[in-house]
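Structure for the following, please:
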Amino acid sequence: MTITLETEDVTIIEGIPVTTQTRTVLDIMREGFDLGGVGQVINEFGFENIDFDRVRASSQNLQMSYGLSKRQFIAQINDFETRAKIVRLQSLGLINSD
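This next block holds a predicted model:
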């Protein structure tokens, strides 16, 4: 399947055009990547680099890959966002990892 990329889907890193982290998350979810793995990818990218509103807005297209209702899918994205924020705060030493 070929996806047409929007301008917002591409960024330049060291002179090389690459897909944004949000686009990468959308792509791996579209491919049905394990949700635990998706959460790990989001944590690695950092919550500040993911457009969670855009991921939630894509729920109609993505939820079916996981057999979830729209409500369940959005709840999962909200959980990813919350966990990614916690991981970031822990990495900055602002909260304990207990």
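
need the helix or strand of this protein with the lowest average pLDDT.
helix 59-66 (a mean of 76; mean pLDDT, DSSP states H and E).

buried ones in the following helix or strand past it?
Where DSSP states H and E defines the elements, the next helix or strand beyond helix 59-66 is helix 70-91. Neighbour-count burial for helix 70-91, counted by 16 or more other CB atoms under 10 Å, picks out Phe73, Ile74, Gln76, Ile77, Phe80, Glu81, Ala84, Val87, Arg88. In short, each C-beta sits where N, CA and C put it, glycine included.

For Thr19, give me its contacts.
Leu5, Asp9, Val10, Thr11, Asp27 (CB atoms under 8 Å, 6 or more residues apart in numbering).

Let's see that with 10 Å instead.
Thr19 sits next to Ile3, Leu5, Asp9, Val10, Thr11, Val25, Leu26, Asp27 when contact means CB atoms under 10 Å, 6 or more residues apart in numbering.
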